[in-house]
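> Build me a model:
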Amino acid sequence: MAAHEGTNRVAPMEVTVEAGNAGEAAWLDVDGLPQRAGTFWTASAHIITAVIGSGVLSLAWAIAQLGWVAGPAAMLLFAFVTYYTATLLADCYRTGDPETGKRNYTYMDAVRSNLGGAKVGFCGVIQYANLVGVAIGYTIASSISMKAIRRAGCFHTHGHAEPCSSSSIPYMIVFGAVQIVFSQIPDFDQISWLSIVAAVMSFTYSSIGLSFGIAQTISNGGFKGSLTGISIGAGVTSTQKVWHSLQAFGDITFAYSFSNILIEIQDTIKAPPPSESKVMQKATRLSVATTTIFYMLCGCMGYAAFGDAAPDNLLTGFGFYEPFWLLDVANVAIVVHLVGAYQVFCQPIFAFVERRAAAAWPHSAFISP
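Numbers count the residues shown, from 1 in each chain. Down below sits the predicted model:
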């Protein structure tokens, strides 16, 4: 399985360099585990992969609900909250001294060291339920993008009036099969290349969505939208306005979330100096700033292009139809990105399952090779 996080991570191990094992010790960290090779750049790639998801394409709809004032302000607010809380959580990676203290290898280890008691079980349920929900969401989102590729070709061939409907189930099965294969990657730190590819893909489809928004805005001859967003009346009740505004806040909040895997990302960073916390805080600062710029550009330009009629997804909601091949490129990039993001988010789940399986079947060669 993917995450090699067995019971040997419960307590650090001392490594001694004796005759015959000096070569082995050179490849081990001070806690007896393989040396961490992560850097500021790989950590940044992991964060960007986890943060910039296909949710960026729904930000135009979110701003349409809130308007030109509250929409961008909410994105800046949640960017600050995400960065501030991430810096606090990064300091929880080691207990005691920030450079030599005991490592907390996972989010749950950090909870156990700092809170303990019943809070461990409570936070564990919340974390894993959140991760499972994200994994399901990624599966659905990838199937929608794969289906959108087929629909774009159909619309191009038969016209926009054609329904071009199809089922998402085959695409979900394909995505799941790919994840089974990729789940065999041995360790979290070994998927740095996958995160880099996924980060490049996220910039690709975000840039295409941004380009479409700019082109549509130029075609319109100016910006659409209003200061307060969709107004009550003309088919929108006060209850719908409140509900959609809350949904918009939820979309923006979800678009920034990565705290539930922050500690796991930090555990890939090479040992100090500087401390892992300082490297992680620097990577968080770059990543959150980068994603915020992209979010502002994509969300605002999408709203400027469509105004109150902004689709819930710029690329799969078919606010644009042509050029269809560019839509295909963007949706392929979404699928590739979600393949990588799924692996990044599911590593803690893989680790949890492996620990439980190893404890239940300690003598199994299949579980503990």
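> Point out where the stretch 1-150 of the chain drops to low pLDDT.
1-26, 53-54 (pLDDT under 70).
> Show me which residues of stretch 169-187 are buried.
For stretch 169-187, a neighbour-count test (16 or more other CB atoms under 10 Å) marks 171-172, 175, 179, 182-183, 185, 187 as buried. Just so you know, the C-beta spots here come from the backbone N, C-alpha and C atoms, and that holds for glycine as well.
> the strands in the chain, which residues?
94-95, 102-103 (DSSP state E).
> Which ones among the buried residues of stretch 169-187 lie within helices?
171-172, 175, 179, 182 (DSSP state H).
> Could you export those residues to a markdown table, including columns for distance to residue 74?
Below are these laid out as a markdown table (distance: CB to CB, whole Å):
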| residue | distance to residue 74 |
| --- | --- |
| 171 | 32 |
| 172 | 32 |
| 175 | 31 |
| 179 | 32 |
| 182 | 34 |
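> how far out from the middle of the chain is stretch 223-233?
30 Å (CA atoms, centre = their mean, to the nearest Å).
> next one: stretch 80-88
16 Å.
> same thing with stretch 249-256?
The answer for stretch 249-256 is 12 Å, by CA atoms, centre = their mean.
> Next, the buried residues of that stretch.
In stretch 249-256, counting by 16+ other CB under 10 Å, buried: 249, 251-252, 255-256.
> Let me see the mean pLDDT of stretch 337-356.
The average pLDDT within stretch 337-356 is 83.
> Show me which positions of it end up buried.
337-352, 354-355.
> which ones are touching the residue nearest the centre of the chain?
Nearest residue to the geometric centre of the chain (CA atoms, centre = their mean): residue 50, 2.3 Å. When contacts are counted by CB atoms under 8 Å, 6 or more residues apart in numbering, residue 50 touches 258, 261, 265, 341, 344-345.
> which two from those residues end up farthest apart in space?
265 and 341 (12.5 Å; CB to CB).
> Residue 328: which of the ones in helices among the buried residues of stretch 169-187 is nearest?
residue 171 (14.3 Å).
> Show me the shaky parts of the stretch 201-350 of the chain.
234, 316-321.
> tell me, how many neighbours does residue 139 end up with?
19 (other CB atoms under 10 Å).
> shouldn't it be in contact with residue 174?
No: if you go by CB atoms under 8 Å, residue 139 and residue 174 don't touch, sitting 10.3 Å apart.
> wait, residue 266 sits on residue 92?
No: applying CB under 8 Å, one finds residue 266 not in contact with residue 92, separated by 9.2 Å.
> Looking at those two, which has the bigger crowd around it?
It is residue 266, of residue 266 and residue 92, that has more neighbours when counted by other CB under 10 Å, with 30 against 18.
> Show the contacting residues for that one.
43, 90, 93, 276-277, 280.
> Likewise for residue 193?
Going by CB under 8 Å, 6+ apart, the list of residues near residue 193 is empty.
> And the pLDDT at it?
Value for residue 193, per-residue pLDDT: 78.
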